[in-house]
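**Student:** Fold the stuff below for me.
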Amino acid sequence: MWVGRAPLDDELQAAYLARLGVEREPPSVDALVRLHRAQVERVPYETMWIHGGEAWDIDPVAAAVRVARSGRGGYCYHLNGAFGALLRSLGYDVRAHVGGVHGPDGPAAATIGNHLVLGVHGLPSDANPSGIWYVDTGLGDALYEPVPLRAGEFTQAPFTLTLVRLDEGHGDWRLVHDPKGGFPQMTWSVGDARPSDFVERHQWLSTSPDSGFVQLAMAEHRDATGVDVMRGLVLARVGSGARTSEPLTRRDDWFGALADVFDLRFDHSALGTTDRLWDGVVACHRQWEADLRRLSVDASAD
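**Tutor:** All right, here's what the predicted structure looks like:
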């Protein structure tokens, strides 16, 4: 089990828990819920590192260091990788699985391995006698807290989600997101994952011009009633207090929103990172505006 294969040392554990704002306690269902909620509330799903020219690998300990000491987040490999390493270090029986985010038609070969999923075992409760919990802090706008691994519908405001047990095809379990969510479905297999299951997809997702993560800088922050989303220069919210702001075209306003809303800071980034990030986001926004104007002109001509 590669997530947590090298447990976090006591100092790194303490720094990670301080970022989450929780105390160390023995493994339990209630403690797992508290940890999961704190992770999604305080550690953002973000791709700013791609647009700032930072090359990150998928090592869980390196991701945990960034989370604990640098005020950063990441996407699924980093968020679930770091969280899984923390859980293992705290004594949880946590396992990594190969998943894939995909459209409503189901998974394809190209989507397998584009998501890292966690499962926690050995915590039975009255509501979950099997003791197996689906844990996922790496989807951005889906789970707020872990759920029992069993088929059925569950609500975590503002979303109603469904877990489906699969009998054939790719994968063993499927998460069907709410129509208000940012993706349609995610499917995963229950076998233990290895780093090699994700390396190729991570390389493509973080470097290919065809990757949505490369095309648009984004950040997401989950809380008990909704999700805050930054796409390019536009800040929006889904759920309680839903809104969409005008583009944040002043540098200080944009970085201020990243810090205030997403707890995302760049104090430990290399010199020039924030300049590259800001210049790239502004350039993408200007291209988007130009594309809209062109589409408007084309529509008028028709």
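**Student:** quick one, what contacts residue 272?
**Tutor:** By CB atoms under 8 Å, 6 or more residues apart in numbering, the residues touching residue 272 are residue 53. All C-beta atoms are positioned from the backbone trio N, CA, C, and that covers glycine.
**Student:** What residues sit buried inside stretch 238-254?
**Tutor:** If you call a residue buried by 16 or more other CB atoms under 10 Å, then stretch 238-254 has these buried ones: 238, 239, 248, 254.
**Student:** can I get these in JSON lines with distance to residue 106 and pLDDT?
**Tutor:** Below are the buried residues of stretch 238-254 laid out as JSON lines (distance: CB to CB, whole Å; pLDDT from 0 to 100):
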{"residue": "238", "distance to residue 106": "25", "pLDDT": "97"}
{"residue": "239", "distance to residue 106": "27", "pLDDT": "97"}
{"residue": "248", "distance to residue 106": "37", "pLDDT": "97"}
{"residue": "254", "distance to residue 106": "38", "pLDDT": "98"}
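**Student:** farthest pair in the residues you listed?
**Tutor:** Across the buried residues of stretch 238-254, the longest distance by CB to CB is 22.3 Å; it joins 239 and 254.
**Student:** Show me the buried residues of stretch 238-254 that map onto helices.
**Tutor:** residue 254 (DSSP state H).
**Student:** any low-confidence regions in the stretch 51-200 of the chain?
**Tutor:** Residue ranges of the stretch 51-200 of the chain with pLDDT under 70: none are present.
**Student:** quick one: the strands in it?
**Tutor:** Using DSSP state E, counting those that start in this stretch, the strands of the stretch 51-200 of the chain run over residues 93-102, 115-121, 133-135, 147-148, 152-156, 159-165, 173-176, 185-188.
**Student:** Quick one: closest of these to residue 265.
**Tutor:** Among the strands of the stretch 51-200 of the chain, the nearest to residue 265 by CB to CB is strand 115-121 (24.4 Å).
**Student:** and the residue nearest to residue 132 when sequence neighbours are not counted, how many residues sit next to it?
**Tutor:** Residue nearest to residue 132 in three dimensions, not counting chain neighbours: residue 149, with 4.4 Å by CB to CB, 6 or more residues apart in numbering. Neighbourhood size, residue 149 [other CB atoms under 10 Å]: 20.
**Student:** likewise residue 168?
**Tutor:** Residue 168: 5 surrounding residues under other CB under 10 Å.
**Student:** what does residue 147 give?
**Tutor:** By other CB under 10 Å, the residues close to residue 147 number 21.
**Student:** Does it touch residue 127 like I think?
**Tutor:** No: using CB atoms under 8 Å, residue 147 is not in contact with residue 127, being 9.8 Å away.
**Student:** shared neighbours of these two, which are they?
**Tutor:** Joint contacts of residue 147 and residue 127 (CB under 8 Å, 6+ apart) do not exist.
**Student:** From residue 291, how far off is the residue nearest to residue 115 when sequence neighbours are not counted?
**Tutor:** Spatial nearest neighbour of residue 115, excluding adjacent residues (CB to CB, 6+ apart): residue 99 at 3.8 Å. Per CB to CB, to the nearest Å, residue 99 is found 32 Å from residue 291.
**Student:** neighbour-wise, which of those two wins?
**Tutor:** For the pair residue 99 and residue 291, the greater number of neighbours falls to residue 99 (31 against 10), based on other CB under 10 Å.
**Student:** Just list the residues touching that one, thanks.
**Tutor:** Contacts of residue 99 by CB under 8 Å, 6+ apart are 113, 114, 115, 116, 117, 171, 186, 187, 188, 189.
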